[in-house]
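*Asks:* Just to be clear, the model below is a prediction. Sequence and coordinates:
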Amino acid sequence: MPPARTLTSTVSLVFSSQLRARQIYRHPAFRFRMASSSAFGLKEASLVRSQGFIDGKWVDAKDGGVIKVTNPATTEELGTVPEMGLAETKEAIDAAAKAFKTWSKTTANQRHDILIKLYALMKEHSDDLARMITLENGKPLAEAMGEHLYSASFIEWFAEEAVRTYGEQIPSPFPGVRNIVIKQPVGVVSILTPWNFPSAMITRKLGAALAAGCTAVIKPPPETPFSALALAELATRAGVPPGVINIVTTQSNVRDVGREMCESPIVQKVSFTGSTPVAKMLAQMAAGTLKKVSIEAGGNAPFIVFDDADIDAAVEGVIVCKFRGTGQTCVCANRIFVQSSVYAEFASRLAERVAAFKVGNGLDKETTHGPLIHDRAVDKVEAHVEDALANGAQVLLGGKRIPGAGSFFAPTVLSDVPADALVNREETFGPLAALTRFETEEEVVAMANNTAVGLAGYFFSRDVGRVWRVAEALEVGMVGANTGVISQAVIPFGGVKESGLGREGGHGISEYMNEKLIAFGGL
Ligand code: SIN
């Protein structure tokens, strides 16, 4: 049993942070920030936080700088968050280190209870949190609700994992010695997340970190900081003590902030989701102090349709897999390989389904697919289309950016895309389905594996022997066999090759814990 004062001090820390929160409420600066929350139209405006979060306090940048956050569907400004830098990052890390001293001593059951409370609060505020995701990321409300529930499921899952961090007893070859292995939290964790899942990519890391007894400094992306800040607000209400979660918002100072989060000797682990080039840079920085690193980086997922597939199921599978988040997920199908004898049928059915998409503002109930995150993302899809067309591909549908406000590209299906086209070599991250023809299983497996990355891979086939052969042969961390949906809190999420290190979700709590041997001698 822990000393009773551990829980008492946790509770008193919570009360004192609530008191501070009330004082901040009365501050004129806070009233100004509350006013800017009207752009969100939430039921509970206080979920819109426009300041960073350090040591349980909502704070501005020291130099008063701000980042403007816009809605990608309209380009309208949603609000601002602080442009923080090195000094604020150091403060956040120090606060996390201080809080680790008490948070790491809480029992697994205490952490479980707080996380379950956070889960309940997330569910209670589902409509607001989903709306916030739509506003800052652009994905349609139904899909934003899907992300929100996915996000909450990580908190629930890791609350349950917290109480299962079993150790081990290992028989010793030496007489009179007993080996016991215990698990302990690694310490302060740096969490760096992308804009494509403003909420879920945080909870997948933060849930595991908190459950393990770690404290965290989070750098959300400048495009979608509000979901992260709302999570900090709810975590405070759930009883997470000051300093356990800290959020540093930044855009122009990202290099300094990222470097400190990876190089500080106080930080014991870095967890990053984002592009492979940035992942390599952060891993190099973290290597100086041999930190633990978890990385979920880019994918270039193959999606294979064999001639023995259920074609209807394969079309539905590719719709959800390729066009989820308007094509902006690391596990989206990027290279679609279709066997010659079913190629024409698959292509025309896919184009017919995609033609029914309704592209627009995610707040609109009719909208099935939203904008891309910004114009640079549109430029990339456009470049991939142009390259494919210059190399012999044909447009079955779409192929162009949509003019007007917002970053929109028409959902596109290209046929006869050469295997070496740019779209097949790089992650497109947009609504472009590029179809490439193949003849044999051996040929398509070789094409699928002909890439430096390996996050997810998908295929459709009704031949049970082929299902096993291809699932085992694909060089990826996750396979969808006859499904285009693999994402769940319970699975080991992660890649091989240059798609990353470690696994998140599932038993990912172990990435936030060290095993310690205690060899008892002299028995
Ligand atoms: C990602 O795109 O990085 C994550 C996608 C998922 O969790 O489904």
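*Replies:* Received it, and whenever you're ready, just let me know what you need.

*Asks:* contacting residues around M122?
*Replies:* 129, 148, 151-152, 155, 231, 234 (CB atoms under 8 Å, 6 or more residues apart in numbering). (Glycine included, C-beta is placed from N, CA and C.)

*Asks:* One more pass at 6 Å, please.
*Replies:* M122 sits next to A152 when contact means CB atoms under 6 Å, 6 or more residues apart in numbering.

*Asks:* What helix or strand is the residue most central in space within the chain located in?
*Replies:* Centroid-nearest residue in the chain: M201, 2.4 Å away (criterion: CA atoms, centre = their mean). Here M201 is covered by helix 200-212, with elements defined by DSSP states H and E.

*Asks:* got the contact list for that helix?
*Replies:* In contact with helix 200-212 (CB under 6 Å, 6+ apart) are residues 111, 147, 150-151, 154-155, 158, 161-162, 185, 189, 191, 193-194, 216, 228, 271, 273, 504-505, 508-509, 512-513.

*Asks:* Can you sort out which of the residues you listed also neighbour the ligand?
*Replies:* Counting by CB under 6 Å from any ligand atom, T273 from the contacts of helix 200-212 sit close to the ligand.

*Asks:* which SS class is E233?
*Replies:* Three-state call for E233 (DSSP: H, G, I helix; E, B strand; the rest coil): helix.

*Asks:* Would you mind confirming that it is in contact with R49?
*Replies:* Yes. Counting by CB atoms under 6 Å, E233 touches R49, with 5.5 Å between them.

*Asks:* Same drill for these two, tell me which one is more crowded.
*Replies:* Between E233 and R49, R49 has the larger neighbour count (other CB atoms under 10 Å), namely 23 against 19.

*Asks:* what sits against that one?
*Replies:* Taking CB under 6 Å, 6+ apart, one finds 229, 233 in contact with R49.

*Asks:* What distance do you get for it to G465?
*Replies:* 54 Å (CB to CB, to the nearest Å).

*Asks:* now L42
*Replies:* For L42, the distance to G465 - CB to CB - is 53 Å.

*Asks:* Against E443, how distant is A456?
*Replies:* In terms of CB to CB, A456 sits 21 Å off from E443.

*Asks:* can you check L363 too?
*Replies:* 45 Å.

*Asks:* Which of those two has more residues huddled nearby?
*Replies:* L363 (18 against 13).

*Asks:* Provide the secondary structure category for the closest residue to the more buried one other than its chain neighbours.
*Replies:* In this structure, L363 finds its nearest non-sequential neighbour in T134, 5.9 Å apart by CB to CB, 6 or more residues apart in numbering. What three-state DSSP gives for T134 is helix.

*Asks:* again with K62
*Replies:* coil.

*Asks:* Next, find the distance separating the closest residue to it other than its chain neighbours from D60.
*Replies:* In space, and not counting its chain neighbours, K62 is closest to A87: 5.6 Å by CB to CB, 6+ apart. Noted for A87: a distance of 12 Å to D60, by CB to CB.

*Asks:* Assign I486 to helix, strand or coil.
*Replies:* Quick answer, by three-state DSSP: I486 is coil.

*Asks:* Let me know the pLDDT of the residue lying closest to it once chain neighbours are set aside.
*Replies:* Once flanking residues are discounted, I486 sits nearest to G480: 4.8 Å by CB to CB, 6+ apart. In the predicted model, G480 carries a pLDDT score of 98.

*Asks:* surely L414 meets A433?
*Replies:* No. L414 is beyond contact range of A433, at 7.1 Å (criterion: CB under 6 Å).

*Asks:* Which residue of the two possesses the greater neighbour count?
*Replies:* Comparing L414 with A433 by other CB under 10 Å, the one with more neighbours is A433, at 30 against 26.

*Asks:* Now for the more buried one: which residues touch it?
*Replies:* Contacts of A433 by CB under 6 Å, 6+ apart are 322, 336, 413.

*Asks:* burial of the last one, as a residue count?
*Replies:* What that stands for is V413. 26.

*Asks:* Now do the strand or helix carrying it, average pLDDT.
*Replies:* Using DSSP H and E, V413 maps to strand 412-415. For strand 412-415, the mean pLDDT works out to 98.

*Asks:* Need the contact partners of the helix or strand sitting right after it along the chain.
*Replies:* Once strand 412-415 ends, the next helix or strand along the chain (criterion: DSSP H and E) is helix 422-425. Here helix 422-425 makes contact (CB under 6 Å, 6+ apart) with 335, 384, 387-388, 434.
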